[in-house]
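Participant: quick one: sequence and predicted model below, then my questions.
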Amino acid sequence: MGYFTSKKGKQSAQYPQNVTVLENAIKIPGGVGEIKASIHRPIDGKIKTVTVSKTPSGKYFASVLFEVDGETPKTAKGKIYGIDLGVKHFAVVSDGEKISKYDNPRHLAKHEKNLKRKQQKLSRKKDGSKSRERQRKLVAKVHERVANTRQDFLHKLSHKLSSDSQAVIVENLHVKGMVRNHNLAKAISDCGWGTFINFLAYKLERKGAKLIEIDRWFPSSKLCSNCYHQVSEMPLDIREWICPNCGTKHDRDGNAATNIRAEGIRILRTDGTAVSANGGEVSPKGGRKSVLRHSPVKLEAPTIASA
């Protein structure tokens, strides 16, 4: 039998067996009985566990883990996307033919004034009072609204990119290290890059496609996507630049996404994966080795967090 593990914050109880999902209710053993519920999707398989959670604002949710029989997904066909994640633009995506930019919704910033006002009221309430508990729930509701809108955005974008792709290429981010930058910590945390990559991973795996993470030190912004010349420096405030070798003018983020895509395709081919690189050339004639072989210059730290 499950039981709630905390009296504060998010509470949860797990029921490992004998749970029945009905049309408009969940039947839980141990004397709990039937609980009315809105069932979001049909349960088509053997129920393994049910976790009942209570959010800080007082709402209840049940997560049902069930096992289904199915065939191993076949290798997916479609586009190959290279993604450069950032703060101003949440994602800049290259598919080999065009560059698409998805603006950062800045979920927390939209609610920051409202949240600050409610938190200030909460701080003035007497600890343990009913008034404080009511105000705490109001604060929790704002946090939940932010979290829900962020999850919705991440699910929709990850679904869009995974639905017509055979592979998605991203940089292997070290978010914990990046949030040490106090000027960008709040903005980086609000983005939810780690959650986004997790969403991409399971959605791609489910359809037989691949998520490729390239080295975080790969110089995606310093490398010309036309001639592969690598410049030694690329400050964060430079958003456009001209290659000194071939004269190609680059948008910083679009160029980075193109390079990330090309490096991901190189890795796939090195591993023996057959890929159809939709969208034209991805490497010069004769192929190219990893640009990580380049030059004694110091490789670029992640430019993911560019404002």
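Facilitator: Nice, I can see it. For clarity, every value in this text was computed on a predicted model and none was experimentally measured.

Participant: just the helices in the stretch 101-250 of the chain please.
Facilitator: Ranges of helices within the stretch 101-250 of the chain are 107-123, 130-163, 175-178, 185-191, 193-206, based on DSSP state H, counting those that start in this stretch.

Participant: need the residues that contact the first one.
Facilitator: Residues external to helix 107-123 that are found in contact with it (Cβ atoms under 8 Å, 6 or more residues apart in numbering): 132, 135-136, 138-139, 142-143, 145-146, 149-150, 153, 186, 190. (Each C-beta comes from the backbone N, C-alpha and C, glycine too.)

Participant: out of these, which comes closest to Ile267?
Facilitator: Phe153 (28.3 Å; Cβ to Cβ).

Participant: what's the distance between the closest residue to that closest one other than its chain neighbours and Leu184?
Facilitator: In this structure, Phe153 finds its nearest non-sequential neighbour in Pro105, 5.5 Å apart by Cβ to Cβ, 6 or more residues apart in numbering. Distance of Pro105 to Leu184, computed by Cβ to Cβ, to the nearest Å: 17 Å.

Participant: ditto for Lys121
Facilitator: Counting by Cβ to Cβ, the gap from Lys121 to Leu184 is 29 Å.

Participant: more neighbours: those two, which one.
Facilitator: Leu184 (17 against 14; other Cβ atoms under 10 Å).

Participant: shaky segments in the stretch 51-200 of the chain?
Facilitator: Residues of the stretch 51-200 of the chain meeting the criterion pLDDT under 70: 70-75, 176-177, 179, 181-183.

Participant: let's see 50
Facilitator: Along the stretch 51-200 of the chain, the model assigns pLDDT under 50 to no residue.

Participant: once you drop chain neighbours, what's closest to Ile267?
Facilitator: Ile212 is the one closest to Ile267 (Cβ to Cβ, 6+ apart), at 5.8 Å.

Participant: for stretch 89-107, list every residue counted as buried.
Facilitator: For stretch 89-107, the buried set under the neighbour-count rule, 16 or more other Cβ atoms under 10 Å, comprises 89-96, 99-102, 104-105, 107.

Participant: got the contact list for the residue positioned nearest the centre of the chain?
Facilitator: For the chain, the residue nearest the mean C-alpha position is Phe196 (1.0 Å; Cα atoms, centre = their mean). Applying Cβ under 8 Å, 6+ apart to Phe196 gives the contacts 85, 91, 154, 157-158.
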